[in-house]
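Undergrad: Structure for this input, please:
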Amino acid sequence: MKRLHLFLIKAFISTFTATFFIAIFLLLMQFLWKYIDDLVGKGLEFTQIAELIFYASARFVPIALPIAMLLSSVMVFGKLGENYELAALKASGISLTRILFPLTIFVIIISYSSFLFSNYVMPIANLKNGSMIYDIQKKKPALNIKEGVFYKDIEGFSIKVSQKDDDGNTLNNIIIYDHTAKNGNDKVIIAESGKMQLTKDEQFLELILLNGHSYIDITKNNRKDKKPYRTTHFKENLIRFNLSSFSTMNNSEDLYKGHYAMLSNKQLAIAIDSLNIKFQERKETFTNNIIEKYNPKFESDSIITLDSLSLSKQKQQFDIAINKLRTIKSIVQSNKNDLDYRKVIITKHEIEWHRKISLATACIILFLIGSSMGAIIRKGGFGLPVLISVFFFLIYHVLSIIGEKSAKDLSMDAIEGIWLANIVFLPVALFLVYKAKNDSQLFDFSSLFKRIGYLIKK
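TA: Numbers count the residues shown, from 1 in each chain. This next block holds a predicted model:
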């Protein structure tokens, strides 16, 4: 049995490792496709791109593990069934549960490791990845002046060139609008040609202009001057542009610290308790304020009936009452929105707390489904097993999205929404294990029909 267990574990580990990295690669491609517009043209260094991909890949580990578990289990047991190895093991008296036992222990270890990774590594990966994406989105594009198009990425300037030589540095027919004074186009520089170059520290762009002139609008500063602008001619002029905003990536990790995706389950539990206390305090404060302000106690002697008042006084009292009702309605609606928002924040923390455990549990459930389906279909390779795996995982993913959105909409508790997919798939897994254990067809209703026929005859 030890040799059999080692054989199964080795076969499973090799397939699981391959499918795991394939899943990571596909999820990473989806991530890059989503943020491709933010990454292109920013002049990022290779180390920055590699760091971003590394942290993004780490984020996908808990999601890739259930996918790899499902696909690898279908492939391994499908291959065993296709080669009649599974039938030979059962014929020798080894049940399916004994065959699954060593792999189940291995899957439980992987599942627990998935939880530990989600709890201790994922918050750091989310923090690093989120802050890097934010910095990249705020970072200006790399310097790229094109012919015939105004270049406006240098703050305070608009640059247009008619022609660029093959060296990429020599420019012809240059127009520069200077907006640094924030008075519109009050300064314009025109030159026949020029040459641009970066300083050694690459913090400044030097533009050497040749044979040109500049116009400065002075009417905005001196209305009495008869000349609307001042002209200056030059044979050579040097302009230096600050490029610090192009290369600087600020460390924005402080913006994301405390976000629910950056916390461990212990930190999430503390945060949830704190948010619940504040929620209850806010709710009680609102209730007490409404009661004290809009529910005054009247003494019986001070009550005045409307019949004793004139029509104008009655109308005045009605208007006062209507205005108070409108005020109460506005205050109640405002506080309701505030309480709903606080409840959504609490729910998001609870969702993140349950998600880590739910994804770890999904590894076990999807392994049972995959191994049972592989034993039933008896097909290995990347054909039918991949199709079946994709089918099951799509259903699982759709149920997960529905549950999570329902929880965020407060139409379902966080625990119900996050565990919805696992709750649905658990009986499916047990049913498939039962079918595979008894070597019965997946949808064999012959016994049911026999019983119905027997009851009819009887």
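Undergrad: List the residues that contact K283.
TA: K283 sits next to L339 when contact means C-beta atoms under 8 Å, 6 or more residues apart in numbering. Backbone N, C-alpha and C define where each C-beta goes, glycine included.
Undergrad: can you pull the buried residues of the strand or helix carrying it?
TA: Under DSSP states H and E, the secondary-structure element containing K283 is helix 265-294. Residues of helix 265-294 classed as buried: 265, 267-268, 271-272, 275, 279, 286 (neighbour count, 16 or more other C-beta atoms under 10 Å).
Undergrad: any idea how far A414 lies from R240?
TA: 56 Å (C-beta to C-beta, to the nearest Å).
Undergrad: Which one's more surrounded, those two?
TA: Residue environment comparison for A414 versus R240 gives the larger neighbour count to A414, 24 against 11, counting by other C-beta atoms under 10 Å.
Undergrad: Grab the nearest non-local neighbour of that one.
TA: E350 (3.6 Å; C-beta to C-beta, 6 or more residues apart in numbering).
Undergrad: how many other residues sit next to that neighbour?
TA: Using other C-beta under 10 Å, the number of residues around E350 comes to 23.
Undergrad: Would you confirm that it contacts L275?
TA: No - with contact defined as C-beta atoms under 8 Å, E350 does not count as touching L275 (9.6 Å).
Undergrad: rewinding a little: the helix or strand hosting the residue nearest to A414 relative to helix 265-294, how many degrees between them?
TA: Secondary-structure element containing E350, defined by DSSP H and E: helix 311-377. Between helix 311-377 and helix 265-294, the angle formed by their directions is 160 degrees, by axes from the mean of the first three to the mean of the last three C-alpha atoms, to 10 degrees.
Undergrad: list the buried ones in the helix or strand following helix 311-377?
TA: Where DSSP H and E defines the elements, the next helix or strand beyond helix 311-377 is helix 384-408. Buried residues in helix 384-408, counted by 16+ other C-beta under 10 Å: 384-385, 388-389, 392-393, 396, 399-400, 403-404, 406-407.
Undergrad: Looking at those residues, which is nearest H233?
TA: Taking C-beta to C-beta as the measure, E404 is the one of these closest to H233, at 67.2 Å.
Undergrad: what's the distance between that closest one and M412?
TA: The gap separating E404 from M412 is 9 Å, by C-beta to C-beta.
Undergrad: Could you do M262 as well?
TA: Spatial separation of M262 from M412 under the definition C-beta to C-beta is 25 Å.
Undergrad: Name the residue in the two with the higher neighbour count.
TA: Summary of the neighbour comparison: M262 and M412, criterion other C-beta under 10 Å, with M262 having more neighbours (21 against 18).
Undergrad: I figured that one hits Y256, correct?
TA: Yes - the pair formed by M262 and Y256 meets the contact definition of C-beta under 8 Å, at 5.8 Å.
Undergrad: Mutual contacts of the two, please.
TA: If you check M262 and Y256 against C-beta under 8 Å, 6+ apart, the residues they both contact are 126-127, 130.
Undergrad: now, which of the residues you listed sits nearest L432?
TA: The shortest separation between L432 and any of these is 34.2 Å, and it belongs to N126 (by C-beta to C-beta).
Undergrad: quick one: pLDDT of that closest one?
TA: pLDDT for N126: 88.
Undergrad: Settle this for me: it is touching S264, isn't it.
TA: No - between N126 and S264 there is no contact under C-beta under 8 Å: 11.3 Å.
Undergrad: so how far is V149 from R3?
TA: 71 Å.
Undergrad: Repeat that for K200.
TA: If you go by C-beta to C-beta, the gap between K200 and V149 works out to 29 Å.
Undergrad: Could you do A407 as well?
TA: Taking C-beta to C-beta as the measure, A407 falls 48 Å from V149.
Undergrad: So what touches stretch 47-54?
TA: Counting contacts by C-beta under 8 Å, 6+ apart, the residues touching stretch 47-54 from outside are 28, 32, 39, 128-129, 132-133, 136, 249.
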